[in-house]
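S.K.: Show me the folded form of this:
(2 chains)
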Amino acid sequence: MTKLERQNTYLASFERLERELAACGTPALHQLRKAAMARFIEMGFPGAKDEEWRFTSTAALARVPFEPVFPTSRDAVEPSRSLPQGVILCSLAEALAERPDLVERHLARRADFRFHPFRALNTAFLRDGLFLYVPAHTVVEEPIYLSFVATDAPAPSVWHRRCLVVAESDSRATLVEEYTGAADSVYFTNAVTEIVVGAGAHVDHYKVQREGDRAFHMAAMQVQLGRAARFSSHAVSQGGQWVRNEINAVFEGEGGECILNGMYRASGEQLVDNRTFIDHAYPHCASHELYKGILDDKARGVFNGKIYVRQDAQKTDAKQTNQTLLLSDDATINTKPQLEIYADDVKCTHGATVGQLDAESIFYLRSRGIGLAEARSLLTYAFANDIVSRIKVDKVREELERSLLEAHHLPASEAGKEEA
Amino acid sequence: MMLRINNLHARVEDKEILRGIHLTVKAGEVHAIMGENGSGKSTLAGVLAGRDAYEVTEGEVLFEGKDLLELDPEERAREGIFLAFQYPVEIPGVSNTYFLKAAVNAVRKHRGLPEYDARAFLKLVKEKTKLLHISEELLKRPVNEGFSGGEKKRNEIFQMAVLDPKLAVLDETDSGLDIDALKAVADGVNALRSPERAVVVITHYQRLLNYIVPDFVHVLLRGQIVKSGGKELALELEEKGYDWLKNSVGEPQPV
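M.R.: Presented below is the predicted three-dimensional model:
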């Protein structure tokens, strides 16, 4: 297939499904879909010449003629016992039908698709998805779980997942996105999540990616932080053969705080690419970022963290750390912190480390009677768990800890029992 | 005899650091090894615990009759040797409790004892926290991460209490501690003194020995023990410094 033909696979799907798509949402939304499709055809899949994609080839992904699958996203929401009054948690289609006023203000206006081919594709096929709306001064105590399961399909399928979260001023919500899929099938998750954190609101976001071994996973998250808004993201990436996570966070008012933490483990020939961009557009905002990766076998990692401090953004406090543990000589990481600072009264630091397990730590564990192999396992586990332990949702943290311990052949933790 | 060191020579890369150490330690005894920076104190501790930066070129170390130098660090620990680190390592991502349980069970397995389950382990840990006046909150925190200097050293002694070694080597456990932290650590060590256990206290200063009173004091100078005596030797060193002993030992020989 030529490059054009590959793109035409998507165009053909679009034309075939267009009537069905148009039926969902307003005509304005459908114009957006058409514009996005046209833009995708113009851009095509990113190539190696694109600086943003230098280390991550899309060739293998582009080669597969994926057919779009439309999940009913309502199934993805775990029923929550009781949501406070005014909170809306429904499919995007429902929301578009019943509350277009709340949706269209934000949908696809935040995650810009003009220069992002995958977002353009996602927008072109935007039919359904999830919508969470938290009214002002409303606290949603219980975490909201969104579970995206790519079920087995006869042909390679692409799942264009879409979430829109609007947390109005001084509200509070916790969101957990989980991605899983059939172990043996080739499929493509192309997800876009837009989160609007209103003034003084606080949103905690957790993402657990456990896709099947042969999956492609492309996820873009766009976060807008209002004045004194707080947002935290913990992204754990463990599955998939080709994974790219993009997070763009923009401060749209003073006094915001953004935490981006991530952990990924890759082995075999997996590729994991994490790309974060924090736009310090206003003064007195803080961002703290810690990404840790463990690469084994021939796995490849890419980290690109950009912090952009605009001229007006005085008193910015930005810290970025990227640590990679290479367990094999054949594993590679390309790590690139990018600080662009145009304000003069700021505190910005970044640090990247790449290496093996620390010899002194290994000796410390051995000097306590722990054998060499177990010491190595325990330290590798600890490296990853340093991120997992920061997860505040007990269920998510405990489950991840358990699976990490298992993966490293370590005895289960009795943290729960100790509390008892 | 618990520990017998005969004519121990060790070097780091091309530098000879230990140049013929002789020392015997019996169960129940507390020995202090004093010396200036660079005298070989920490090297001796490292060689006993099995740190691989050091190469033993001559001599032997017997622990309860076994050739200690043949054993890996973890085997030494399982046999009953404990090293309290001068600079305890921080391990973010693993709680003190989990780490200690892994260690205790590795030791118990080696000794043919059943591994502790959560309940039994918790009981043991609670006992020891009471004995050493350590807060249980400390146990839930990641190993040494964000601990103050004093907390780190107390955590070392706490690990010692839980692992119940036959021979504990304290490597400059007093360094960087203020007087209150020093007393707390010393109280912990004293609470663990027993007729079955030997302790080797390695220190630069006499101060710690006011609180952990040794049976024997040895002065280490340029890789050799140049003087041994009772606890009063420590006071003498405090008063006179180390210089007066320097005539009694030869210049280092090139390797």
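
S.K.: Name the residues of stretch A:333-346 that come out as buried.
M.R.: For stretch A:333-346, burial by neighbour count (16 or more other CB atoms under 10 Å in any protein chain shown) applies to A:333, A:335, A:337, A:341, A:343, A:346. No exception for glycine: its C-beta is placed from N, CA and C like everyone else's.

S.K.: how about the first one, what does it touch?
M.R.: Put plainly, it is residue A:333. A:293, A:295, A:300, A:301, A:302, A:303, A:324, A:326, A:354 (CB atoms under 8 Å, 6 or more residues apart in numbering or on different chains).

S.K.: The residue of the stretch 1-150 of chain A found nearest chain B: how many residues sit nearby?
M.R.: Here the stretch 1-150 of chain A gets closest to chain B at one residue, residue A:143, 22.3 Å apart by CB to the nearest CB. For residue A:143, the count of nearby residues is 18 (other CB atoms under 10 Å in any protein chain shown).

S.K.: Tell me who's in contact with it.
M.R.: Counting by CB under 8 Å, 6+ apart, residue A:143 touches A:174, A:175, A:176, A:206, A:393, A:395, A:396.

S.K.: which one is it nearest to, not counting chain neighbours?
M.R.: residue A:174 (4.1 Å; CB to CB, 6 or more residues apart in numbering or on different chains).

S.K.: Same question for residue A:253.
M.R.: residue A:227 (2.9 Å).

S.K.: show me what contacts the one you found?
M.R.: By CB under 8 Å, 6+ apart, the residues touching residue A:227 are A:199, A:200, A:252, A:253, A:254, A:255, A:256, A:282.

S.K.: possible to save the contacts of residue A:333 as a markdown table with neighbour count and distance to chain B?
M.R.: Shown next, in a markdown table, are these (neighbours: other CB atoms under 10 Å in any protein chain shown; distance: CB to the nearest CB, whole Å):
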| residue | neighbour count | distance to chain B |
| --- | --- | --- |
| A:293 | 28 | 14 |
| A:295 | 24 | 17 |
| A:300 | 19 | 24 |
| A:301 | 28 | 19 |
| A:302 | 21 | 23 |
| A:303 | 26 | 19 |
| A:324 | 22 | 15 |
| A:326 | 19 | 17 |
| A:354 | 17 | 17 |
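
S.K.: In three-state terms, label the residue nearest to residue A:253 for me.
M.R.: Following DSSP: H, G, I helix; E, B strand; the rest coil, we place residue A:227 in the coil state.

S.K.: Roughly how far does it sit from residue A:91?
M.R.: Counting by CB to CB, to the nearest Å, the separation of residue A:227 from residue A:91 is 31 Å.

S.K.: go on, residue B:13?
M.R.: Residue B:13 is 67 Å from residue A:91, by CB to CB.

S.K.: swap in residue A:206?
M.R.: For residue A:206, the distance to residue A:91 - CB to CB - is 21 Å.

S.K.: Select from the contacts of residue A:227 the one having the most neighbours.
M.R.: Most neighbours among these, by other CB under 10 Å: residue A:256, with 27 neighbours.

S.K.: so that residue makes contact with residue A:226?
M.R.: Yes - the criterion here is CB atoms under 8 Å, and residue A:256 meets it with residue A:226 at 7.2 Å.

S.K.: secondary structure class for the residue nearest the centre of chain B?
M.R.: The centroid of chain B falls nearest to residue B:169 when counting by CA atoms, centre = their mean (1.8 Å). Judged by three-state DSSP, the three-state class of residue B:169 is strand.

S.K.: Return the residues in contact with it.
M.R.: Residue B:169 touches B:45, B:48, B:49, B:81, B:82, B:83, B:84, B:199, B:200, B:202, counting by CB under 8 Å, 6+ apart.

S.K.: and if you look at residue A:190?
M.R.: Counting by CB under 8 Å, 6+ apart, residue A:190 has contacts A:118, A:121, A:122, A:158, A:159, A:160, A:161, A:218.

S.K.: Next, check the residues you listed against the strands and list the overlap.
M.R.: A:158, A:159, A:160, A:161, A:218 (DSSP state E).

S.K.: out of these, who's near chain B?
M.R.: Checking these against chain B by CB under 8 Å from any CB of the partner chain, not one of them is in range.

S.K.: Same list, those residues, but as TSV with neighbour count and pLDDT please.
M.R.: Listed next are these as TSV, based on neighbours: other CB atoms under 10 Å in any protein chain shown; pLDDT from 0 to 100:
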residue	neighbour count	pLDDT
A:158	25	95
A:159	25	94
A:160	24	94
A:161	22	93
A:218	27	98
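
S.K.: who's in contact with residue 216?
M.R.: The chain I'm using is chain A. Counting by CB under 8 Å, 6+ apart, residue A:216 touches A:60, A:61, A:64, A:186, A:187, A:188, A:189, A:240, A:241, A:242, A:243.

S.K.: ah, I was thinking of chain B
M.R.: Residue B:216 makes contacts with B:29, B:30, B:31, B:32, B:228, B:229, B:230, as judged by CB under 8 Å, 6+ apart.

S.K.: which of the residues you listed has the most neighbours?
M.R.: residue B:32 (25 neighbours).

S.K.: before we move on, the earlier item: quick one: which of the contacts of residue B:216 is nearest to residue B:61?
M.R.: residue B:31 (14.4 Å; CB to CB).

S.K.: partner residues bridging the residue in the stretch 51-200 of chain A that chain B sits nearest to?
M.R.: Closest approach of the stretch 51-200 of chain A to chain B (CB to the nearest CB) occurs at residue A:176, with a separation of 21.0 Å. Taking DSSP bridges as the rule, residue A:176 bridges to residue A:145, residue A:206.

S.K.: Near it, how many residues? Count them for me, please.
M.R.: 20.

S.K.: what do you get for residue A:209?
M.R.: The tally of other residues near residue A:209 (other CB under 10 Å) stands at 25.
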